[in-house]
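Q: fold the following for me, if possible:
(3 chains)
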Amino acid sequence: MSEVRLQIDGKEVRAEEGATILETARAAGIEIPTLCLHEALEPFGGCRLCVVEVEAGGWSRLVVSCVYTVAEGLVVRTRNKKIDRTRKMLLELLLAHAPDSPPLQELAAEYGADRDRFGQETSFCVHCGLCVRYCAEVKGLHAVGFIDRGIRKEISFLPEIAAKECRDCMECFPLCPTSYLQAAFVLVEAFTSR
Amino acid sequence: MARFGTLQQLTDYRQELVGSRPTDRPCVAICAGAGCLASGAGEVIDAFETELSRQGLDAGIDTRGTGCPGFCERGPVVVIRPQEICYLRVTAEDVPEIVASLGNGQIVERLLYEDPASGARAVHENDIPFYKHQKRTLLRSNNLIDSRSIDDYLAIGGYAALVKALFEMGPEAVLEEVKKSNIRGRGGAGFPAGRKWEGSRNAPGEPKYVLVNADEGDPGAFMDRALLEGNPHSVLEGLMIGGFTIGAAEGYIYVRQEYPLAVKNVLHAIAQAEEYGLLGEDILGSGFDFTIRVHKGAGAFVCGESTALMTALEGRVGEPRPKYVRSNVKGLWGRPTVLNNVETWANVPLIVGRGADWFNGIGTAGSKGTKIFSLVGKIRNTGLVEVPMGMPLREIIEDIGGGVPDGKKFKAVQTGGPSGGCLPAEMLHLEVGFDELADAGSMMGSGGMIVMDEDNCMVDVARYFVEFLTEESCGKCVPCREGLRQMHRILTNICEGRGREGDIETLEELSEVLTEASLCGLGQSAANPFLSTLRYFRAEYEAHITEKRCPAVSCKELVSYWIDPEKCKACMICLKRCPAQSIEGGKKQIHVIDQSKCDACGVCRDVCPEKFAAVRKFSGEPVPDPLPLAERTLVKGGG
Amino acid sequence: MNTTIADLAGVDRIIAEHGGRADALIQVLLDVQAEISWLPADALARIAERLDVPPALVQHITTFYKAFSLVPKGRHRVHVCMGTACHVRGALRILDTVEELTGLAPGETDPDLKFSLETVNCLGCCALGPVIEIDGKTHGNVSLARTEDVLKSYE
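A: Below is the predicted model:
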């Protein structure tokens, strides 16, 4: 693996080819917010909070740093007006679902996001997919999955698998940035133990 | 029929075919495309077969169910060859008269095209304005061949471009020719096809794949369907040439299952090509192996996006991939993959056969060749039109489309589907091309062209597309799923009279995040319908928000219906039809709508006899007070 | 509720036709549905098992793609076209009328299994818009009043 040199927030850094901007920035002590990222899981690219601006060959654009890989001579900015504006809006959209989520509140304070900008949604789930992906990728159980698409997308436990596997595992519970997951499971459990 | 093992065998067979089919052999060509079939073309075909045999003419005259010639508005369309007489809106009852005319060489005047202004009749296809201004390099063949006959395709020179590629040119020369033609993808973004092919050809990794995107999902667009149904071999031939060029031995056609006829015809075409040895191993002795498989799409607009289509092909949920890797380098199963849409592939045999210079001779500097548009909505001549790139919108809409019907005023033309935008009358000078449309805030897209008139509300159109996308988004990334959810809510509020100051600005902020931060093309372009209507029709948004008025008198919640007592003839029709039972009155009692009961469905206006036209609708102004009970008795002959 | 493909043998046959490959999942589901018009739970369980695909993924796929139905369909399938060409010619009001007359929202089937109502994005018959399609037959240029007559003609 060869090494590439790039610039993040004005700082010259080196990284292995194939590394993501996010990994490289964090190694250099530059923090980028994330929600759907987990070190044991494949990058998902869903929450988009880790957007950064990249500049190469005279053009610049926003990319998500959890999947965008480094390249020689790349110039990266992790904060500017546009990035902050984007993160603020993303947070406001998420807060409509989970206004009391601690990690979201923390980020909201940082980016000045208004938790009441949009009306409260009925579902708490922010679709980070951590539970679904952890159960599939780490545990190989597939006890929880997505259903539907678009604005109707939800997560859902499969009662027949959950009844067998979940009570002894529950490793996904602490991953959930809202309280939604636990609620969903409790519901299924109540339903299946009837 | 034996399989052709060598080029010579195909050449001999083609000569035999052409020799046995003199060009002056009489033929009745009936459009068997989906639009004409819906208008009764199936019965017309049956009637011709029965009637020709009844009159003893079936031995000398062929009957051919062909692909779509485009003039859906006047379907079923029948063309009599070799004279090229074009009959429109033909019914089974008309058939005996047409067949009789074939015998005595006469023309059935009443079925010819009639110019709406002059009343003059046009005998031949090319005399009809709808066709006269077109340049039909792709659609022309549709009406010449039976969509289900490989012999018909061979007889008009089909698979000659494949032969040329395999035996005369070789892959490098084909690639050069396609690059030189400057053809840009007809599916949406307009990426140069030659560069895409070159990337795949040079990319490491085996096997490679070529794919046809026939997941035509833009509502109001059916160009690809017409090509795939009408001339499936042209798409197969293009795909084979593509496979040969980049070094792929497998091709897939991703076609939406909502197009059953296209699926059927393309499967039939593949089976025929296999039987003839044009697909399979060592094609015509050239050493080139190629197979094609069909994958039916199960109903997801997002699968038109290239990486989502590939994940769907792999049997998974059609979510786009988050990684920044070009699919022509790492595509299907992680291998180099060229994905082009139906119309792009159908152009390939023409480019290879006639040469890049011919192709470059059509179009503008940035957009070469022709483009098929589906011209629909509030337009006199609905149908598929193929025009050279660079034709002004006005010419397409007025000269070919015949303009807006019913004396209404043109308001906007929407191009590019849910990723595109609405262009107003001031922009009709615009020459159609990828860059021209994008600069104007719309998009070429796959070629939908929906004409709207003064009765269409532009805020409602934006709401319509956003609603479509909230349902069609895969739901994976936050900007698209949540951003569209909020945009839809705000636009609905505006349409329903609950718009607030600041809504436009919030919509603009949401648009920026969608455009900049979405994972795939669906989200990145999802704000275009809103942004383009705001750019050209801002006043309509403001009227809804500040005056609670819909200038087009279209948004149901902002519209009131009222029966003009001067015009009402107390005919009881609306009174009986009103689903809310909100109409008071009776025989000889002028009808009055009880505004508190009316839910503005519009049935009364729809059923009121045209000669009375007593029902009016308002927006943003008070409804006149109802006539006092005592004055409601209708006076005969009076006002 | 059981499938009408006798004892899942039909499901197995379709799986075999596709070589039992996991990547053929969507094609298998489409073919099964083409035969019995919906996807019963026991058929889905069988497909998941035979193709070795987690049931959670089958659940996502059958709800993600709109061609699939997890409930039985009525005798008459009513499709109201909501394509742009139909929309600008008043499709929304046609849909309102159909909903009112059948008492169904899109995606629903009545308890007597008479009608199933669905919206579709484009039937490609834009020249005839607004269009409703019932059991594969296209009814073009429908007015609000004609919609009622058309629906009443189905038993």
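Q: run through who's touching the lowest-mean-pLDDT helix or strand in chain B.
A: Here the helix or strand of chain B ranked lowest by mean pLDDT, DSSP states H and E is helix B:34-38, holding a mean of 86. For helix B:34-38, the external contacting residues (CB atoms under 8 Å, 6 or more residues apart in numbering or on different chains) are B:30, B:68, B:72, B:75-77, B:222, B:225, B:229, B:259, B:261, B:383, C:123-128, C:131, C:138, C:140. Where you see a C-beta, it was placed from the backbone N, CA and C, and this is true even at glycine.
Q: for stretch C:86-96, same thing?
A: B:219-220, B:377-378, B:450-452, B:456, B:461, B:464, B:556, B:601-602, C:80-83, C:106, C:119, C:122, C:126, C:129-132, C:142, C:144, C:147.
Q: could I get the average pLDDT for that stretch?
A: The average pLDDT within stretch C:86-96 is 88.
Q: so what's whichever residue of chain A sits closest to chain B up against?
A: Residue of chain A nearest chain B, by CB to the nearest CB: residue A:45 (2.7 Å). Residue A:45 makes contact with A:36, A:64, A:66-67, B:322-323, B:476-477, B:519, according to CB under 8 Å, 6+ apart.
Q: name the element the residue in chain C positioned nearest to chain A belongs to?
A: Proximity of chain C to chain A (CB to the nearest CB) peaks at residue C:56, 3.0 Å away. Assigned by DSSP states H and E, residue C:56 falls within helix C:55-64.
Q: and residue B:452, its phi and psi?
A: When read as degrees, to the nearest 10, the backbone of residue B:452 gives phi -120, psi 150.
Q: isn't it right next to residue B:411, touching?
A: Yes - assessed by CB atoms under 8 Å, residue B:452 is found in contact with residue B:411 at 5.0 Å.
Q: common neighbours of those two, please.
A: residue B:458.
Q: circling back: what's the closest non-adjacent residue to the residue of chain A closest to chain B?
A: Spatial nearest neighbour of residue A:45, chain neighbours left out: residue B:322 (2.7 Å); criterion: CB to CB, 6 or more residues apart in numbering or on different chains.
Q: on the three-state scheme, the closest residue to residue B:585 other than its chain neighbours is what?
A: Nearest residue to residue B:585, sequence neighbours excluded (CB to CB, 6+ apart): residue B:591, at 3.6 Å. Classification of residue B:591 using DSSP: H, G, I helix; E, B strand; the rest coil returns strand.
Q: measure residue B:591 to chain C for me?
A: Look at residue B:591 and chain C: by CB to the nearest CB, to the nearest Å, they are 16 Å apart.
Q: so residue B:322 touches residue A:48, yeah?
A: No - between residue B:322 and residue A:48 there is no contact under CB under 8 Å: 9.7 Å.
Q: so who does residue B:632 touch?
A: With contact taken as CB under 8 Å, 6+ apart, residue B:632 is in contact with B:565, B:585, B:589-590, B:592.
Q: which one among the residues you listed gets closest to chain C?
A: Nearest member of the contacts of residue B:632 to chain C, counting by CB to the nearest CB, is residue B:585, at 18.3 Å.
Q: ok now do the residue of chain C closest to chain A, which residues does it touch?
A: A:132, A:136, A:142-145, A:158, A:161.
Q: so which of those residues are in strands?
A: A:144-145 (DSSP state E).
Q: from the contacts of residue C:56, which is closest to residue B:131?
A: Checking those against residue B:131 with CB to CB, the nearest one is residue A:145 at 52.8 Å.
Q: what's in contact with the least confident helix or strand in chain A by mean pLDDT?
A: Evaluated with mean pLDDT, DSSP H and E, the helix-and-strand set of chain A has its lowest mean pLDDT in helix A:180-192, which scores a mean of 76. Residues outside helix A:180-192 that contact it (CB under 8 Å, 6+ apart): A:98, A:123-126, A:131, A:144, A:155-157, A:159-160, A:162-163, A:166-167, A:172-173, A:175-176.
Q: okay, and for chain A, where does confidence drop off?
A: Scanning chain A for pLDDT under 70 picks out A:1, A:193-194.
Q: can you list the domains in chain A?
A: A:3-79, A:130-192 (automatic domain parsing).
Q: ok, the residue of the stretch 51-200 of chain B found nearest chain A to residue B:420 distance?
A: The shortest separation between the stretch 51-200 of chain B and chain A is 15.2 Å, found at residue B:189 (distances taken as CB to the nearest CB). Relative to residue B:420, residue B:189 is positioned 12 Å away (criterion: CB to CB, to the nearest Å).
Q: more neighbours, those two?
A: residue B:420 (28 against 15; other CB atoms under 10 Å in any protein chain shown).
Q: check chain B for the residue nearest chain A and tell me.
A: Counting by CB to the nearest CB, chain B gets nearest chain A through residue B:322, at 2.7 Å.
Q: tally of neighbours for that residue?
A: As a burial measure, residue B:322 scores 21 neighbours (other CB under 10 Å).
Q: over to the one 10 residues further on?
A: Using other CB under 10 Å as the criterion, residue B:332 is surrounded by 24 other residues.
Q: surely it and residue B:209 touch.
A: Yes - using CB under 8 Å, residue B:332 is in contact with residue B:209, at 4.8 Å.
Q: can you tell me the closest non-neighbouring residue to residue C:104?
A: Excluding the flanking residues, the one nearest residue C:104 by CB to CB, 6+ apart is residue C:117, at 4.2 Å.
Q: number of nearby residues for residue B:135?
A: Taking other CB under 10 Å as the neighbour definition, residue B:135 ends up with a count of 18.
Q: mind listing what it touches?
A: Neighbour list for residue B:135: B:362, B:370, B:386-388 [criterion: CB under 8 Å, 6+ apart].
Q: just to revisit the earlier point, joint contacts of residue B:322 and residue A:48?
A: A:64, B:519.
Q: please report how far the residue lying closest to residue C:100 once chain neighbours are set aside lies from residue B:182.
A: Of all residues not flanking residue C:100 in the chain, residue B:579 sits nearest, at 5.8 Å (CB to CB, 6+ apart). According to CB to CB, residue B:579 and residue B:182 sit 56 Å apart.
Q: higher neighbour count, the two?
A: Between residue B:579 and residue B:182, counted using other CB under 10 Å, the more crowded position is residue B:182 (20 against 15).
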